[in-house]
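S.K.: structure for the following, please:
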Amino acid sequence: MDLVELLILAAPILLKGTGYTLIFAFAAMFGGLLVGFVLAVARIVPSRWCSAPAALYVSMMRGTPLLVQVFIIYYGLPSIGISFEPLTAGVLALSLNAGAYISESLRGAILGISRGQWSAGYSLGLNYGQNLYYVVIPQAMRLAVPSMSNTLISLIKDTSLVSVITVTELLLATKDVIATTFQPLPLYLAAAFIYWMLSLGLEHIQRRLERHFSRMVAT
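M.R.: Sure thing, here's the model as predicted:
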C-alpha cells in the first residue's frame, strides 16, 4: 500500500477522531474559562474563606499530572459512587485542569490593573462587583488573552491523554488505523500535522481576540 492509498484509507477515521478532539477542546475551553473566572475572582476578593480554598485548588491542579487527574475522575470516583461516561470524564478533567491555569492568567491581569482605574470606578459610584465587571475585567482580558490562549491551545494537544479512557479522539483513532495497516510513521506524522493545523487555527483566533480587546479598551 503506497502513501496516497494509506492516507485515503485513514482519512475518514482520522477526521472522525479530529471531530472528537475539537469537541473535547472547545467544551474544555468553555468549562475552563468558567472555572478560571470563578477561581480568579475568589482569589482576589478580600476574604480568606474564598481565597484560601481557591489557592489550594489551583496548587493541587497545577501540581499534579493531568493524566493522574483523568484517572481519578474516570477510574477513582466510581469507588465512591460517582461515575461518568468517558466523554464527560475527559471534558471534566480537561476543564478543571485548564481552569486552574486560566485563573492565574486572569488573576495576574486583574492585579496588573492600576489602582487608579479602581478609584475611577468608585468615583463614578460603582460598587466592588460593578467596578470589577465594567472597568477592570475588560482591561484585564486584554492583558490575559495571550497567556490564556496558550493554555487553551495546549488543550488541543492535551486531548490526546483522554485516549487512555477509550475515547476515540485523534490519537486513538490513529492507533486504530495503525493496528490494521502496520504503517506507524506516516500515520503518526499525519496526526501530528492535524494537531499542528488545529493549533494554528487557534493562534489565529488568539490574534483576533487580542485586536478586539485592544479596540475595546481604546474606546
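S.K.: can you name every helix or strand that the helix or strand containing Phe37 contacts?
M.R.: In this assignment (DSSP states H and E), Phe37 forms part of helix 3-44. Judged by 3 or more C-beta pairs under 8 Å, 6 or more residues apart in numbering; DSSP states H and E, the packing partners of helix 3-44 are helix 48-63, helix 86-111, helix 137-158, helix 170-181, helix 184-218. C-beta here means a position set from N, CA and C on the backbone, and glycine is covered the same way.
S.K.: highest mean neighbour count out of these?
M.R.: helix 86-111 (a mean of 22; mean count of other C-beta atoms under 10 Å).
S.K.: okay, the angle between that helix and helix 48-63?
M.R.: On the basis of axes from the mean of the first three to the mean of the last three C-alpha atoms, to 10 degrees, helix 86-111 is oriented at 120 degrees to helix 48-63.
S.K.: where does this protein dip in pLDDT?
M.R.: 1, 213-219 (pLDDT under 70).
S.K.: give me that answer again for 90
M.R.: Residue ranges of the chain with pLDDT under 90: 1-9, 19-29, 37, 41, 43-50, 86-87, 105-169, 172, 180-182, 199-219.
S.K.: distance from the chain centre to the helix holding Phe37, please.
M.R.: 9 Å (C-alpha atoms, centre = their mean, to the nearest Å).
S.K.: what's the answer for stretch 139-155, then?
M.R.: Worked out by C-alpha atoms, centre = their mean, stretch 139-155 lies 10 Å from the chain centre.
S.K.: please put the alpha-carbon coordinates of it into PDB.
M.R.: Output in PDB follows, covering the C-alpha atoms of stretch 139-155 (Å, rounded to 0.1, in the frame of the first residue of the first chain):
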ATOM      1  CA  GLN A 139      -8.900  45.800  30.600                       C
ATOM      2  CA  ALA A 140      -7.600  42.600  32.300                       C
ATOM      3  CA  MET A 141      -8.800  40.400  29.500                       C
ATOM      4  CA  ARG A 142      -6.600  42.300  27.000                       C
ATOM      5  CA  LEU A 143      -3.600  41.500  29.200                       C
ATOM      6  CA  ALA A 144      -4.700  37.900  29.900                       C
ATOM      7  CA  VAL A 145      -5.500  36.900  26.300                       C
ATOM      8  CA  PRO A 146      -2.000  35.800  25.200                       C
ATOM      9  CA  SER A 147      -1.300  33.600  28.300                       C
ATOM     10  CA  MET A 148      -4.900  32.200  28.400                       C
ATOM     11  CA  SER A 149      -4.700  31.400  24.700                       C
ATOM     12  CA  ASN A 150      -1.600  29.500  25.200                       C
ATOM     13  CA  THR A 151      -3.400  27.400  27.800                       C
ATOM     14  CA  LEU A 152      -6.300  26.800  25.600                       C
ATOM     15  CA  ILE A 153      -4.100  25.900  22.600                       C
ATOM     16  CA  SER A 154      -2.400  23.300  24.800                       C
ATOM     17  CA  LEU A 155      -5.800  21.700  25.300                       C
END
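S.K.: that concludes my questions; thank you for your assistance.
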